[in-house]
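[1] this one's structure only:
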């Protein structure tokens, strides 16, 4: 594979000592860095841009971190693009000089996946446009930096919605499409990557390309859930479906793991609910053996008024603990907002998040879950949560979104939160994540790559399995110098 440029090479190409911001100097008629001592030094002939290349300490420090607060790789510069043309120009510049590049949306990665040591970070947040939507529109084209909350609000005005959401809406479109985008609607509607009709991307060679299932299809399939290895998503055309006005939201308690899992599987195979997830919580003794199915039925105009008797028929939850409520559709989608605000107010958003995200084969989900949760303590979970819910492989079509070798996979997400200064605990939890992955992998499961599982190139080759060869071929074709997203460690 192409040699990865060193930090020294990247800094030579992009940075100047004391530089705060790169811009066009009308006095010298050249691109230069304004420094703290008011002198100017040329920055190796950067192209003319609509936006800015930043090298101030605050920008570099911010983009040397992510939501995990575990890995810190400091870039040499940050592109805040004023247009897609800026991304094309800077990727071409970096490709010419062998400088690593990584796009950054909302910075919600947990293991440095969107960081780059000594290279260029491309912030996609300025690419937040949302194309026109009208009544009956089948699609909407949005910028990669648009957040899913913004997309939902824009489409709901016209009674439309993307089919699938992750639980947290403040993630960027480009970010989730690079990974997969799994949520409670996935069992019926597929992942977010399965609901894209076209992409606009900038390849590692600096070419702006449109791709779809019928146009440049090799690139299209290499980008969706491709972890940024071939191109930077700059826009996506998303499928839209009619939106409900209200939903009925149920919380159904269980005290037996196997019964909980079996009822979840029944619900997704029957399609009785539009949304199915689940949580595992600890009892008073600290054992994780309390379970709740979270299920949602859409109401008019996309479905009938929910009928409790029909929807809950045959399920084996504790009927005395059922909670049911009617919510506006957007209120349901955005139901985590208050909790997130509370975490931020308490300073917990800035804690380390050594997350574990695995896809378990349905045939052994109960055994694996019991084993993995036996060693989990409330202290190690902190104010995090444990999610556990099924998805159907038949509705997942993106080749690079790898699932367990079973018709039903269960997503187990142990979303830990721990003080970042307690590095010994963070290291211990990362080692536990790796051990959990190996247990699940041996049973036919896999890694959903948003968490913090230490992975090497050989692990990635095994993870992608038969799809690896196509990804490697696309990488060679569209990023021949191998400059894109080194933080994933795939090549």
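    Ah, there it is. These figures come from a predicted structure and were not determined experimentally. Numbering: from 1, shown residues only.

[2] so what's the residue nearest to residue 355 when sequence neighbours are not counted up against?
    Spatially, and ignoring its direct neighbours in sequence, residue 355 is nearest to residue 451 (3.8 Å; C-beta to C-beta, 6 or more residues apart in numbering). Every residue, glycine included, has its C-beta placed from N, CA and C. Residues near residue 451 by C-beta atoms under 8 Å, 6 or more residues apart in numbering: 110-111, 354-357, 413, 433.

[3] now with 6 Å?
    Residues in contact with residue 451 (C-beta atoms under 6 Å, 6 or more residues apart in numbering) are 110, 355-357.

[4] likewise residue 71?
    Neighbouring residues of residue 71 by C-beta under 6 Å, 6+ apart: 111-112.

[5] hmm, try it at 7 Å
    Applying C-beta atoms under 7 Å, 6 or more residues apart in numbering, we find residue 71 in contact with 111-112, 115.

[6] what segments of the stretch 1-150 of the chain are helices?
    Taking DSSP state H, counting those that start in this stretch, the helices of the stretch 1-150 of the chain run over residues 7-14, 57-62, 84-97, 148-156.

[7] closest to residue 491 out of the ones you listed?
    When those are compared by C-beta to C-beta, helix 84-97 sits nearest residue 491, at 15.5 Å.

[8] show me the contact partners of the closest one.
    Contacts of helix 84-97 (C-beta under 7 Å, 6+ apart): 13, 46-47, 49-51, 79, 81, 101, 120, 122, 127, 202, 204-206, 208, 232, 234, 481, 483.

[9] please indicate which of those are buried?
    Buried subset of the contacts of helix 84-97 (neighbour count, 16 or more other C-beta atoms under 10 Å): 13, 46, 49, 51, 79, 81, 101, 120, 122, 127, 202, 204-206, 208, 232, 234, 481, 483.

[10] that older thread, so which of the contacts of helix 84-97 belong to strands?
    79, 101, 120, 122, 202, 208, 232, 234 (DSSP state E).

[11] ok, the third one - contacts?
    In this case it means residue 120. Contacts for residue 120 (C-beta under 7 Å, 6+ apart) come out as 14, 75-77, 79, 90, 94, 99, 101.

[12] just the pLDDT at the nearest residue to residue 63 once chain neighbours are set aside, thanks.
    Nearest residue to residue 63, sequence neighbours excluded (C-beta to C-beta, 6+ apart): residue 121, at 4.4 Å. Looking at residue 121, its pLDDT reads 98.

[13] could you do residue 134 as well?
    At residue 134, the pLDDT value in this model is 89.

[14] touching, it and residue 158? I think so.
    Yes. The criterion here is C-beta atoms under 7 Å, and residue 134 meets it with residue 158 at 6.2 Å.

[15] after the lengthiest strand in the chain, next one along is what?
    The single longest strand within the chain, with elements called by DSSP E, is strand 288-298. Remark: after strand 288-298, the chain's next helix or strand is helix 308-312, criterion DSSP states H and E.

[16] pLDDT on that following helix, on average?
    On average, the pLDDT along helix 308-312 is 97.

[17] tell me how many other residues surround residue 320.
    By the criterion of other C-beta atoms under 10 Å, residue 320 has 6 neighbours.

[18] any idea how far it is from residue 68?
    40 Å (C-beta to C-beta, to the nearest Å).

[19] what's the answer for residue 358, then?
    Residue 358 sits 17 Å away from residue 68, going by C-beta to C-beta.

[20] got it, and residue 331?
    Applying C-beta to C-beta to residue 331 and residue 68 gives a distance of 29 Å.

[21] for residue 197, same thing?
    According to C-beta to C-beta, residue 197 stands 32 Å off from residue 68.

[22] who has more neighbours, the two?
    residue 68 (25 against 15).

[23] isn't that one right up against residue 453?
    No. Residue 68 is not in contact with residue 453 according to C-beta under 7 Å; the separation is 11.6 Å.

[24] now do the end-to-end distance for stretch 276-296.
    Length of stretch 276-296, first residue to last, C-alpha to C-alpha, to the nearest Å: 7 Å.

[25] excluding chain neighbours, give the residue nearest to residue 334 in space.
    Nearest non-adjacent residue to residue 334, counting by C-beta to C-beta, 6+ apart: residue 169, 5.6 Å away.

[26] what's the pLDDT at the one you found?
    The score at residue 169 is 98. That number is its pLDDT.

[27] pretty sure it is in a helix, no?
    No. Going by DSSP: H, G, I helix; E, B strand; the rest coil, the assignment for residue 169 is coil, not a helix.

[28] give me the distance between it and residue 266.
    28 Å.

[29] so which of the two has more stuff around it?
    In terms of neighbours (other C-beta under 10 Å), residue 169 is the more surrounded of residue 169 and residue 266; the figures are 20 against 15.

[30] and that one, how far from residue 398?
    21 Å.

[31] three-state assignment of residue 402?
    Per three-state DSSP, residue 402 ends up coil.

[32] what is the neighbour count of it?
    There are 23 residues near residue 402, going by other C-beta under 10 Å.

[33] quick one, phi psi at the closest residue to it other than its chain neighbours?
    Leaving aside its chain neighbours, residue 402 sits nearest to residue 446 (4.9 Å; criterion: C-beta to C-beta, 6+ apart). With angles defined as degrees, to the nearest 10, residue 446 sits at phi -150, psi -180.

[34] so residue 446 bridges to which residues?
    As for beta bridges, residue 446 partners with residue 359 under DSSP bridges.

[35] going forward, the N-terminal residue is numbered 14.
    Yep, numbering from 14; the last one is residue 459 now.

[36] can you list the domains in the protein?
    20-136, 152-255+482-501, 259-469 (automatic domain parsing).

[37] any chance of those in CSV with distance to residue 475 as columns?
    Putting those into CSV (distance: least, C-beta to C-beta, whole Å) gives the following:
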stretch, distance to residue 475
domain 20-136, 18
domain 152-255+482-501, 13
domain 259-469, 8
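
[38] deepest of these, which one?
    domain 152-255+482-501 (a mean of 22; mean count of other C-beta atoms under 10 Å).

[39] how long is that one end to end?
    31 Å.

[40] do the same with stretch 315-328
    OK, stretch 315-328 end separation, C-alpha to C-alpha: 24 Å.

[41] got it, and stretch 68-88?
    Terminal residues of stretch 68-88 are spaced 9 Å apart (C-alpha to C-alpha).

[42] tell me how far it lies from the chain's centre.
    Distance of stretch 68-88 from its chain centroid, counting by C-alpha atoms, centre = their mean, to the nearest Å, is 18 Å.

[43] same question, stretch 184-197
    4 Å.

[44] what lies in contact with that stretch?
    116, 118-119, 121, 137, 155, 157-161, 164, 177-180, 204-206, 209, 237-241, 246, 249, 288-290, 309, 402, 404, 411, 414, 424, 461-463.

[45] kindly report the same for stretch 427-441.
    82-83, 361, 364-369, 389, 393-399, 442.

[46] restricted to helices, list the residues you listed.
    With helices taken from DSSP state H, the overlap with the contacts of stretch 427-441 comprises 393-394, 442.
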